[in-house]
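1. pasting a predicted model and its sequence here:
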Amino acid sequence: MTQFVQMKLKFKSTFSDRLSRQVSYISHDSPTRARKFKNNLIKHIKKIPKNPYSYRKSKYFEDKTVRDLIFKGYCIIFRINEKENSIEIFGFTKYQENSTD
């Protein structure tokens, strides 16, 4: 009988720093809303290890192991590392469907 070991989440400083800045920005208007935003985002991130390949392939990278989680207009970018049995959360950006650059 094989036992399934769930992948570990690793939060990179690039993600943590950007999330902190966004939460700080939201808290200027409403500290309660900022806490709720952060808590709900973390809940969604904690669901990733259950089925990481169900999230769309990242539109920012040409790599099938890099995926995007869309949450309330933000794109959370993560990499699936099967060798280390981990998921690295490293990107946090405002989601744009079509770039006008």
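-> Arrived safely, thanks for sending. Numbering: from 1, shown residues only.
2. any buried residues in the strand or helix carrying Gln22, and which?
-> Using DSSP states H and E, Gln22 sits within helix 13-29. If you call a residue buried by 16 or more other Cβ atoms under 10 Å, then helix 13-29 has these buried ones: 15, 18-19, 22-23, 26. (Glycine included, C-beta is placed from N, CA and C.)
3. kindly report the same for stretch 43-53.
-> Of the residues in stretch 43-53, 45, 48-49, 52 count as buried by neighbour count, 16+ other Cβ under 10 Å.
4. give me the contact list for it.
-> 6-9, 55, 67, 69, 71, 76, 78, 80, 87, 89 (Cβ atoms under 8 Å, 6 or more residues apart in numbering).
5. please spell out the ChimeraX selection for the buried subset of the residues you listed.
-> Selecting only the buried entries of the contacts of stretch 43-53 in ChimeraX, with 16+ other Cβ under 10 Å as the criterion:
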select :7,55,67,69,71,76,78,80,87,89
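6. I'd like the contacts of stretch 43-53 written out as TSV, with pLDDT and secondary structure added.
-> Listed next are those as TSV, based on pLDDT from 0 to 100; DSSP: H, G, I helix; E, B strand; the rest coil:
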residue	pLDDT	secondary structure
Gln6	82	coil
Met7	92	coil
Lys8	96	strand
Leu9	97	strand
Tyr55	97	coil
Arg67	98	strand
Leu69	97	strand
Phe71	96	strand
Ile76	97	strand
Phe78	98	strand
Ile80	97	strand
Ile87	97	strand
Ile89	98	strand
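7. what's the closest of the contacts of stretch 43-53 to Arg35?
-> Phe71 (15.4 Å; Cβ to Cβ).
8. count the residues that sit near Lys38.
-> 16 (other Cβ atoms under 10 Å).
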